[in-house]
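Enquirer: Generate a structure from the sequence data that follows.
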Amino acid sequence: MSSENQSDLRVRYYAAFIFPFAKHSWKSRRARSCWVDLEGWQDALAGPLSSIIDNGDCAYVYARNDNFISGINDPTELYAWLKHRHSKLIEDLDRFVPASQDEESDLASMRQFTSEMWDIAEQAVEIERTRWDAADAKNR
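Expert: Predicted coordinates for the structure are as follows:
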């Protein structure tokens, strides 16, 4: 991945994961509270993705075997692990039922953020898969 593309992915990562907490203008307190309640799922995605974006890999994930991350041995398992957490994020977000136009607007923003999170995840896993395959070919 070129440094320009990686820089773009970093900007997109910031917009999806950091901007909603730091700078987004929430229209309703209830929706912002919902977003904060979903932070655990967001953090689960953010760790491996930021490692891939910033370091070019997420090797630490494969070495872990704890209550938070376990059973991930390759990019295919990483993809499944991320997909499961993203699905849980969406599932919990789907429980938010807007009670006003402001909340509807905030829900649309939350859906956009989560959609972008998954787009970033797919791109990051592809970076990791490419790195993994190159390392595997080198070790043969």
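
Enquirer: Let me see the contact set for the residue nearest the centre of the chain.
Expert: By CA atoms, centre = their mean, the chain has its centre lying nearest to Leu45, at 3.7 Å. Taking CB atoms under 8 Å, 6 or more residues apart in numbering as the contact definition, Leu45 lies against 17, 82, 85-86, 89, 117, 121. Backbone N, C-alpha and C define where each C-beta goes, glycine included.

Enquirer: by contact count, what packs against the longest helix anywhere in the chain?
Expert: The residue-count maximum for a helix in the chain (DSSP state H) belongs to helix 101-139. Here helix 101-139 touches helix 3-13, helix 19-22, helix 29-37, helix 39-55, helix 75-93, going by 3 or more CB pairs under 8 Å, 6 or more residues apart in numbering; DSSP states H and E.

Enquirer: export those to JSON lines and tack on mean pLDDT and distance to Ser109?
Expert: Shown next, in JSON lines, are these (pLDDT from 0 to 100; distance: least, CB to CB, whole Å):
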{"stretch": "helix 3-13", "mean pLDDT": "81", "distance to Ser109": "15"}
{"stretch": "helix 19-22", "mean pLDDT": "90", "distance to Ser109": "7"}
{"stretch": "helix 29-37", "mean pLDDT": "96", "distance to Ser109": "8"}
{"stretch": "helix 39-55", "mean pLDDT": "95", "distance to Ser109": "14"}
{"stretch": "helix 75-93", "mean pLDDT": "97", "distance to Ser109": "11"}
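
Enquirer: tilt between the longest helix of the chain and helix 75-93?
Expert: On the basis of axes from the mean of the first three to the mean of the last three CA atoms, to 10 degrees, helix 101-139 is oriented at 170 degrees to helix 75-93.

Enquirer: for the contacts of Leu45, which one is nearest Thr130?
Expert: Using CB to CB, the shortest approach to Thr130 within the contacts of Leu45 belongs to Ala121, at 15.0 Å.
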